[in-house]
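[1] based on what follows, work out the 3D shape:
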Amino acid sequence: MQTHKYKVALITGGTKGIGYGIAKALLDSGMRVAITGRSKDTLTEALDTLQKEYGKQVAGFVADVGSYEEQEQTVASVLKTFGRLDVLVANAGVGHFAPLEQLSVAKWDETIRTNLNGVFYSVKAALEVLKKTEGYVITISSLAGTNFFAGGAAYNASKFGVTGFTQAAMLDLREMGIKTTTIMPGSVSTHFNGNTPDATDAWKIQIEDIGQLVVDLLEMNPRTLPSKVEVRPSFPGKK
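    Got it, this is the predicted structure:
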């Protein structure tokens, strides 16, 4: 097992859901963690909860992944706070689902801006720092990044893009000593798309499961790179 005591991770969209689960798993592994979110109130709530347990091991910054300048500022803030950056988890995302006829231009633009442009901006902004630490980039795509469905035009396009971007980036970045993986989850118990997690979600992947997967990736022998990881519930839920 590798030691994470002095390493630092940045997780976009880390205030809830998958990002929050990853943050807790990395904090439990000994890493220092910075999370971001667009809402100051949501960020403050998540940060207060995490700091009660982990203290100065965790920090948070308000940032919109759809702005490259804000991603640059976030990386600078992480360096000022923790002095280094070893792992970037590009997780922030939104979901808008509608038949093409009802899909608005605004919802399309927001989905692509956040889910696809945001991943590129986050990785691009952190690249020079990760080169110095020979770090790790992990993007959160989806099984919707290879499987299309009715009403998913915007979401499918964004996640197909994340999958393709990350796989191409992996080939570029490994030449710099940076490892890159995209995680493609199926159904996860989160508040995504208006869901309220409860006992009926027990069959789904839990956020701590994705967190454990990220820790496992970081602890794998450096000679081996799982470049694309699909995960899904072991058994389908009852309808």
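
[2] please count neighbours and contacts with C-alpha atoms only from this point.
    Will do.

[3] in the longest helix belonging to the chain, what's buried?
    Using DSSP state H, we find that the single longest helix of the chain is helix 153-173. Within helix 153-173, the residues that qualify as buried are 153-167, 169-170, 173, counting by 16 or more other C-alpha atoms under 10 Å.

[4] do stretch 99-111 as well
    Applying a neighbour-count criterion of 16+ other C-alpha under 10 Å, one finds 103, 107-108, 110-111 buried in stretch 99-111.

[5] got the contact list for it?
    93-97, 150-155, 158 (C-alpha atoms under 8 Å, 6 or more residues apart in numbering).

[6] 7 Å - rerun?
    Outside stretch 99-111, the residues that touch it by C-alpha atoms under 7 Å, 6 or more residues apart in numbering are 94-96, 150-151, 153-155, 158.

[7] kindly report the same for stretch 159-169.
    With C-alpha under 7 Å, 6+ apart as the test, stretch 159-169 has contacts from 116, 141-142, 144-146, 182.

[8] now the farthest one out in the protein, which residue is it?
    Centroid-distance maximum for the chain: Glu101 at 30.2 Å, with C-alpha atoms, centre = their mean.

[9] please report how far the most centrally placed residue in the chain lies from Ser141.
    Closest to where the C-alpha atoms of the chain average out (C-alpha atoms, centre = their mean) is Asn91, at 1.9 Å. If you measure Asn91 against Ser141 using C-alpha to C-alpha, to the nearest Å, the figure is 8 Å.
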